[in-house]
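Colleague: show me the folded form of this:
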Amino acid sequence: MATPKKQLPEYLSFTLKERTGIIAVVVLILFFIVLPFLFPFFIRSKQVDQTAFEKEIAALQIKQQDSLVTYTNRDYDDNNFRNNGPASEKNGVNKKPTGELFYFDPNTLTAAGWIKLGVTEKTAGTIKNYTAKGGRFYKPEDIGKIWGLHTDEVNRLLPYVKIEVKPGTDFQQSNHAVPVKTYEKPTYRITTVDINKADTSAFIALPGIGSKLANRIISFRDKLGGFYNLNQVAETFALPDSTFQKIKDKLVITNTDVKKLNINMATVDELKIHPYLRYNLANAIVQYRNQHGYFSSVNDIKKMMMVTDDIFIKLSPYLSVK
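Modeller: From the prediction side, this is the model:
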């Protein structure tokens, strides 16, 4: 058995093949470490022509300016005028208003007079069409509302506008405003409302009741077959309790006779229409009837588990067995 001192030289000695492999690996590592520093000697960067670059930038700026001019010109009409905007030629250059200035009444001035003032023929025609159809200018600033008459022209003509107001005309008012007709809601004298006889107008006369609520109350009454108690009105869909409390003392009921359903003859479809029955209870009544025979009295439906005391009290006035 070899001693540790003899084994140590054996671990530190390499064969020729091993030494060759180690040297090759070291050389490769050094090569890849030095390789990035050698790139500039083999790969030359492409030189940029600064003059050509500047020419391309200038061309892009010219195209951008052209697109802005084209977009701006879209704001102008066929006469190159924008409503209440500055005058413009088709190429976008401002055009100075021309024409002879004199005092005029826009309500009576002819089309030729407008053209003489420097207004385009098309705009003059628009103005005359407006006045011919009954349009009026009540104050000098109203000419600024003319389509096609830009701000520069309005400011130029405004000092020369003299509107003649004839006595007795319908627009002779201090503020030149046209009277506005207001709708007045019809008023009703509220006494009492019979909930089984009243129409929509009677319900609308109650405080807090509009046309929608009035129609809902009547629709609910018709589906029930009539009210037998004033508090049933409170069950109307979307009727706030606060509103019901306001109108409760104005409600009366003179006839408590309601439309009844014969539970011995009615079908499921006929029963389920009633707001207090619906499908589940209507079907249960018919099934119970088929199994046990006709009901001898309305009280017999209390034998059904679905019918609680509250349901029976609420529903029984609308049921019959004959």
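
Colleague: for N196, give me the pLDDT.
Modeller: What the model reports as pLDDT for N196 is 96.

Colleague: touching, it and T254? I think so.
Modeller: Yes: with contacts counted by CB atoms under 8 Å, N196 reaches T254, the gap being 7.4 Å. Heads up, the C-betas are built off the backbone N, CA and C, glycines and all.

Colleague: quick one: which of these two has more around it?
Modeller: Between N196 and T254, N196 has the larger neighbour count (other CB atoms under 10 Å), namely 15 against 9.

Colleague: tell me the SS of the more buried one?
Modeller: Taking DSSP: H, G, I helix; E, B strand; the rest coil as the rule, one finds N196 in the coil state.

Colleague: now do the contacts for T131.
Modeller: Residues counted as contacts of T131 (CB atoms under 8 Å, 6 or more residues apart in numbering) are P106, N107.

Colleague: assign a three-state SS to it, would you?
Modeller: helix.

Colleague: how about E164?
Modeller: Going by three-state DSSP: E164 is coil.

Colleague: give me the nearest residue to it, chain neighbours excluded.
Modeller: D105 (5.3 Å; CB to CB, 6 or more residues apart in numbering).

Colleague: correct me, but that neighbour touches K162?
Modeller: Yes: at 5.8 Å, D105 counts as touching K162 under the criterion of CB under 8 Å.

Colleague: those two: who's more crowded?
Modeller: Neighbours per residue (other CB under 10 Å) separate D105 from K162, with D105 holding more: 13 against 10.

Colleague: quick one: list the elements packing against the helix or strand encompassing I247.
Modeller: Here I247 sits within helix 241-247, counting by DSSP states H and E. In terms of contacts (3 or more CB pairs under 8 Å, 6 or more residues apart in numbering; DSSP states H and E), helix 241-247 is packed against no helix or strand at all.

Colleague: following element in sequence after it, please.
Modeller: Next along from helix 241-247, by DSSP H and E: strand 251-252.

Colleague: for that next one, give the mean pLDDT please.
Modeller: Strand 251-252 comes out with an average pLDDT of 95.

Colleague: that strand pairs with which strands, parallel or anti?
Modeller: Strand 251-252 sits in its sheet next to strand 193-194 (parallel), going by DSSP bridges.

Colleague: which helices and strands sit right next to the helix or strand following the strand it pairs with?
Modeller: The helix or strand immediately downstream of strand 193-194 is helix 200-204, counting by DSSP H and E. With contacts taken as 3+ CB pairs under 8 Å, 6+ apart, helix 200-204 sits against helix 211-224.

Colleague: buried residues in the helix it packs on?
Modeller: Within helix 211-224, the residues that count as buried by 16 or more other CB atoms under 10 Å are L213, A214, R216, I217, I218, F220, R221, L224.

Colleague: any idea how far G135 is from the residue nearest to the spatial centre of the chain?
Modeller: What sits nearest the mean C-alpha location of the chain, by CA atoms, centre = their mean, is K212, with 22.9 Å. According to CB to CB, to the nearest Å, K212 stands 39 Å off from G135.

Colleague: give me the average confidence score over stretch 156-167.
Modeller: 80.

Colleague: residues in contact with it: which ones?
Modeller: Residues contacting stretch 156-167 (CB under 8 Å, 6+ apart): 97, 101-108, 117-118, 137-141, 143-144, 171-172.

Colleague: let's test this: name the helix or strand in the protein with the lowest mean pLDDT.
Modeller: Here the helix or strand of the chain ranked lowest by mean pLDDT, DSSP states H and E is helix 4-12, holding a mean of 58.

Colleague: just the strands in the protein please.
Modeller: 193-194, 251-252, 261-262, 319-320 (DSSP state E).

Colleague: JSON lines please, covering these and showing mean neighbour count and distance to Y294.
Modeller: Below are these laid out as JSON lines (neighbours: other CB atoms under 10 Å; distance: least, CB to CB, whole Å):
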{"stretch": "strand 193-194", "mean neighbour count": "16", "distance to Y294": "36"}
{"stretch": "strand 251-252", "mean neighbour count": "16", "distance to Y294": "37"}
{"stretch": "strand 261-262", "mean neighbour count": "16", "distance to Y294": "10"}
{"stretch": "strand 319-320", "mean neighbour count": "20", "distance to Y294": "12"}
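
Colleague: closest to Q232 out of the ones you listed?
Modeller: strand 251-252 (10.2 Å; CB to CB).

Colleague: hang on, the earlier thing: quick one: contacts for the residue nearest to E164?
Modeller: Neighbours of D105 in contact, by CB under 8 Å, 6+ apart: V161, K162, I163, E164.

Colleague: count of residues packed around the third one?
Modeller: Read it as I163. 18.

Colleague: end-to-end on stretch 237-254?
Modeller: Start-to-end span of stretch 237-254 (CA to CA, to the nearest Å) is 24 Å.
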